[in-house]
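K.L.:
give me coordinates for this.
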Amino acid sequence: MSTEHHPQDDQDLVPGRRKFLNTAALAGLAGAGLSVGLSACKQEAAPTAAPAAPAPAAKAAEGGELPIHPAPGQLDSYYGVWSGGHSGEVRILGLPSGREIKRVPVFNIDCMSGWGITNESKAVIGTKADGSLKYKTGDTHHVHGSYTDGTYDGKYFWVNDKIHGRLARIKGDTFECDKITEIPNIQGFHGIFPDKRDPVDQAINHTTRVFCGNEFHVPQPNDGRDEDDATKYHCLFTCIDAETMEVRWQCRVDGNMDLVASSFDGKLAASNQYNTEGGAHYEDMMSAERDACVFFHIERIEAAIKAGKASTIGDSKVPVVDGTRTANPDPKTALTCYVPVPKNPHGVNASPDGKYFICSGKLSPTATVIELSQVLAYFDGTLDDLKKAIVAEVELGLGPLHTAFDGRGNGFTTLFLDSQVVKWNIDQAIKFYAGDKNAKYVVDRVDVHYQPGHINASMSETKEADGQFLGVGCKFSKDRFLPVGPLHPENEQLIDIRGEKMKLLADHPVYPEPHDFIIVKRDKIKTRQVYNVDDFPNATKDPKDSGVTRNGNKVTVRLVSQAPAYSLREFKVKKGDEVTLILTNLDKVEDLTHGFAIPKYDINFIVNPQETKSVTFKADKPGVYWCYCTHFCHALHLEMRTRMFVEK
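P.N.:
Alright, predicted model coming up:
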């Protein structure tokens with residue numbers, strides 16, 4: 001980066017610290033030949049300040065003071081919807097307390113709820129021909145919610161599976177996964193973001209599509225040919241229908257994609273990119289001086305598909321358009337454009353005012369501010385150089401990764417190498433970049449512990465960003481919690497951002513390794529506490545309809561649960577039978593969930609009030625098996641049992 005855009009000496013506010021972390025980190029980068037872009041911040045680290053004392057609690061949404069740990073009977077002001085990382089799940093936290101309220105099984109098997117065991121959950125996850133799960137692993141990274149009129153509406157939340165290229169949807173009224181889609185032609189599915197309004201019909205002001213980035217480029221088609229020809233490797237940007245969860249289209253691009261952002265007007269989506277060189281080996285991904293943020297003109301892409309200007313790959317029927325540079329030379333007809341940013345960027349985030357996308361440098365100590373109106377001007381043919389869409393590229397510190405917003409014009413960016421969060425003003429950064437060296441864009445810094453990655457603020461990236469709390473996910477937690485052996489928890493920290501200065505409020509140990517999250521006002525989410533029995537076609541609505549029916553060696557057992565009993569005291573099947581057991585919970589009382597476990601048959605699942613679930617298994621072990629309720633429901637819970645007789 002040119003010297004005329006370096007910040008003033010007093011701007012940095014101690015960007016370097018924690019020598020015991022940074023020395024090793026920087027040495028590793030230098031050893032890999034990645035020192036380019038880091039040399040601009042060489043100031044000596046000042047003494048580390050003590051952690052800030054807990055701040056006064058933020059006001060609750062309904063008014064009044066709310067402590068960080070609400071008193072018994074008090075509720076949190078926000079829902080935190082967190083990825084579960086390598087567990088394959090999603091976690092629901094209350095904020096500001098940080099209390100974990102629920103774990104939502106998604107791509108994983110869950111022993112408590114029976115997710116991955118019941119027939120209904122297997123149908124969502126996906127099975128092989130023999131009925132076993134197609135995949136038993138998942139890696140959730142990025143969580144985002146549906147929008148109406150530029151803010152969260154609480155209807156849906158989506159999360160990706162990086163390992164197997166899947167997108168899952170969670171219903172906001174139950175916080176349960178209802179659909180999973182496996183994306184064709186890709187590997188390493190990383191960033192996602194829903195649109196904030198329809199990109200074609202501007203009268204539709206809610207989410208209709210979910211955009212999916214693709215990190216690992218592979219040969220197209222990936223069927224064994226062209227394995228050694230890196231020029232045949234490509235990544236595909238994917239659009240999925242928000243309601244049907246079907247894949248609408250894909251767009252081929254140059255380079256690898258990381259995270260995704262969408263504009264408030266619905267017209268643009270984007271992904272920050274590394275490896276624009278197209279290298280297949282580590283060292284081949286580092287030669288370019290700059291990588292890119294690729295922009296997608298959604299309406300043009302869908303018009304091209306409608307006009308038949310698409311192809312397919314292998315056995316997939318999904319239409320694919322060409323968004324590579326060589327295929328889009330004319331801005332007035334281009335489907336994509338590539339804004340140059342410092343090499344190997346990490347993260348792209350949309351400011352709440354709808355004006356900017358911000359890319360973090362990672363290997364460069366900078367954040368790049370891209371003005372969306374200028375990107376649209378390029379597509380219209382009135383901007384002659386995409387570099388002019390960059391309105392700021394300013395230094396923040398070492399290892400910038402992700403940015404959140406307070407709705408007051410400030411960004412908050414994680415500095416991975418400095419183990420800090422930096423608060424900076426976007427308008428001042430633009431002024432400084434334009435030549436006003438008196439513009440003070442860095443507002444504050446706070447130490448976090450340690451190596452922060454993802455960050456988000458309350459209602460950030462919505463029109464209602466409220467600047468109350470900031471969550472930051474730290475990748476390391478050494479010395480922060482009681483030691484538990486070689487595997488440490490991650491450290492999710494909470495920061496008060498209501499004032500000019502940030503205040504570190506709390507540490508929360510979490511099971512490794514969550515990634516991204518969003519923080520949603522609690523009044524945006526309307527949950528249902530009891531199901532409607534009519535929603536389940538296989539429900540047994542009257543205990544009198546319970547019983548066993550046989551069709552050859554296929555046996556159906558119908559049961560209902562009403563605390564503290566099952567409708568059948570016992571039931572009989574024969575060795576070798578394929579048994580389908582259907583259980584309906586006829587209790588109508590909130591929080592009266594029942595479980596059903598069969599010893600030695602590896603079956604356990606729950607049914608919530610008025611819900612129906614089923615399992616299918618082979619009765620291959622003769623004997624008597626006490627089936628019991630696993631979820632406490634009544635004073636006579638321990639007595640709530642039925643017997644299964646498996647006859648020879």
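
K.L.:
excluding residues flanking it in the chain, which one is nearest the residue nearest the centre of the chain?
P.N.:
When the chain is reduced to its mean C-alpha position, the closest residue under Cα atoms, centre = their mean turns out to be residue 142, at 1.7 Å. Spatially, and ignoring its direct neighbours in sequence, residue 142 is nearest to residue 516 (4.4 Å; Cβ to Cβ, 6 or more residues apart in numbering). Any C-beta I mention is one placed from the backbone N, CA and C, and that applies to glycine too.

K.L.:
need phi/psi at that neighbour.
P.N.:
Backbone dihedrals for residue 516, given as degrees, to the nearest 10, come out at phi -90, psi 170.

K.L.:
tell me who's in contact with it.
P.N.:
By Cβ atoms under 8 Å, 6 or more residues apart in numbering, residue 516 lies in contact with 83, 141-143, 454, 456, 473.

K.L.:
among these, which are in strands?
P.N.:
Among the contacts of residue 516, the members falling in strands are 83, 141-143, 454, 456, 473 (criterion: DSSP state E).

K.L.:
residues touching the closest residue to residue 245 other than its chain neighbours, list them.
P.N.:
Nearest in space to residue 245, with sequence neighbours left out and distances taken as Cβ to Cβ, 6+ apart, is residue 179 at 4.3 Å. Residue 179 makes contact with 124, 168-169, 245, according to Cβ under 8 Å, 6+ apart.

K.L.:
now rank those residues by neighbours and give me the top one.
P.N.:
Neighbour counts for the contacts of residue 179 peak at residue 168, which has 25 neighbours (criterion: other Cβ atoms under 10 Å).

K.L.:
and it, that one's in a strand?
P.N.:
Yes - when classified by DSSP: H, G, I helix; E, B strand; the rest coil, residue 168 is found to be part of a strand.

K.L.:
bridging residues for it?
P.N.:
Here residue 168 shows beta-bridge partners residue 159, residue 180, assigned using DSSP bridges.

K.L.:
all strands of the stretch 151-300 of the chain, in order?
P.N.:
Per DSSP state E, counting those that start in this stretch, the stretch 151-300 of the chain has strands spanning 151-161, 166-171, 176-182, 192-194, 209-212, 218-219, 233-241, 247-253, 256-262, 268-274, 290-297. These are given in chain order.

K.L.:
now for the last one, which elements pack on it?
P.N.:
Strand 290-297 sits against strand 268-274, strand 336-342, with contacts defined as 3 or more Cβ pairs under 8 Å, 6 or more residues apart in numbering; DSSP states H and E.

K.L.:
shaky segments in this protein?
P.N.:
Of all residues in the chain, those with pLDDT under 70 make up the ranges 1-67.

K.L.:
repeat that for 90
P.N.:
1-73, 202, 225-226, 228-232, 275-289 (pLDDT under 90).

K.L.:
any chance of the strands of the stretch 151-300 of the chain in TSV, with distance to residue 641 too?
P.N.:
As requested, the strands of the stretch 151-300 of the chain are arranged in TSV below (distance: least, Cβ to Cβ, whole Å):
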stretch	distance to residue 641
strand 151-161	37
strand 166-171	32
strand 176-182	27
strand 192-194	44
strand 209-212	44
strand 218-219	52
strand 233-241	44
strand 247-253	46
strand 256-262	50
strand 268-274	54
strand 290-297	57
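
K.L.:
could you say which one of the ones you listed comes nearest to residue 569?
P.N.:
Residue 569 sits nearest to strand 176-182 of all these, at 31.0 Å, using Cβ to Cβ.

K.L.:
give the buried residues for the closest one.
P.N.:
Judged by neighbour count using 16 or more other Cβ atoms under 10 Å, the buried positions of strand 176-182 are 176-177, 179-181.

K.L.:
stretch 632-648 too?
P.N.:
For stretch 632-648, the neighbour count (16+ other Cβ under 10 Å) marks 633-634, 637, 640, 642, 644, 646 as buried.

K.L.:
what about the closest residue to residue 489 other than its chain neighbours, how many residues nearby?
P.N.:
On the basis of Cβ to Cβ, 6+ apart, the spatially nearest residue to residue 489 that is not a chain neighbour turns out to be residue 509, at 3.8 Å. Per other Cβ under 10 Å, the neighbour tally for residue 509 reads 16.

K.L.:
which neighbours does the helix or strand encompassing residue 509 have in its sheet, and in what orientation?
P.N.:
With secondary structure defined by DSSP states H and E, residue 509 is part of strand 503-510. Sheet partners assigned to strand 503-510 using DSSP bridges are listed as strand 490-496 (antiparallel).

K.L.:
got the contact list for the partner strand?
P.N.:
55, 58, 68, 82, 95-96, 98, 421, 446, 448-450, 468-477, 480-481, 502-514.

K.L.:
mind redoing it with 7 Å?
P.N.:
Contacts made with strand 490-496 from outside it, assessed by Cβ atoms under 7 Å, 6 or more residues apart in numbering, are listed as 55, 58, 96, 98, 421, 446, 448-449, 469-475, 477, 480, 502-510, 512-514.

K.L.:
filter the residues you listed to the buried ones?
P.N.:
Neighbour counting by 16+ other Cβ under 10 Å classes 55, 58, 96, 98, 421, 446, 448-449, 469-475, 477, 502-510, 513-514 among the contacts of strand 490-496 as buried.

K.L.:
if we can go back for a sec, take the buried residues of stretch 632-648 and keep only those in strands.
P.N.:
Secondary structure of the buried residues of stretch 632-648 is defined by DSSP E; positions in strands are 642, 644, 646.

K.L.:
now the nearest residue to the first one once chain neighbours are set aside, which residues is it bridged with?
P.N.:
By that I understand residue 642. Nearest residue to residue 642, sequence neighbours excluded (Cβ to Cβ, 6+ apart): residue 566, at 4.5 Å. Per DSSP bridges, the residues bridged to residue 566 are residue 561.

K.L.:
which parts of the stretch 251-400 of the chain are helices?
P.N.:
For the stretch 251-400 of the chain, the helices defined by DSSP state H, counting those that start in this stretch cover 298-306, 372-380.

K.L.:
what about the closest residue to residue 623 other than its chain neighbours, distance to residue 129?
P.N.:
Leaving aside its chain neighbours, residue 623 sits nearest to residue 646 (5.8 Å; criterion: Cβ to Cβ, 6+ apart). Relative to residue 129, residue 646 is positioned 26 Å away (Cβ to Cβ, to the nearest Å).

K.L.:
before we move on, what about residue 510?
P.N.:
According to Cβ to Cβ, residue 510 stands 38 Å off from residue 129.

K.L.:
residue 226 too?
P.N.:
Distance from residue 226 to residue 129, counting by Cβ to Cβ: 29 Å.

K.L.:
more neighbours: these two, which one.
P.N.:
Ranked by neighbour count (other Cβ under 10 Å), residue 226 and residue 129 place residue 226 first, with 15 against 6.

K.L.:
so what's the more buried one up against?
P.N.:
Taking Cβ under 7 Å, 6+ apart as the contact definition, residue 226 lies against 219, 232.

K.L.:
likewise residue 448?
P.N.:
Residue 448 makes contacts with 419-421, 472, 474, 493, as judged by Cβ under 7 Å, 6+ apart.

K.L.:
give me that answer again for 6 Å
P.N.:
With Cβ atoms under 6 Å, 6 or more residues apart in numbering as the criterion, the residues that contact residue 448 are 419, 421, 472, 474, 493.

K.L.:
could I get the contacting residues of the residue located most distally from the centre of the chain?
P.N.:
Most distant from the centre of the chain: residue 648, at 49.8 Å, with distances by Cα atoms, centre = their mean. By Cβ under 6 Å, 6+ apart, residue 648 lies in contact with 575, 622.
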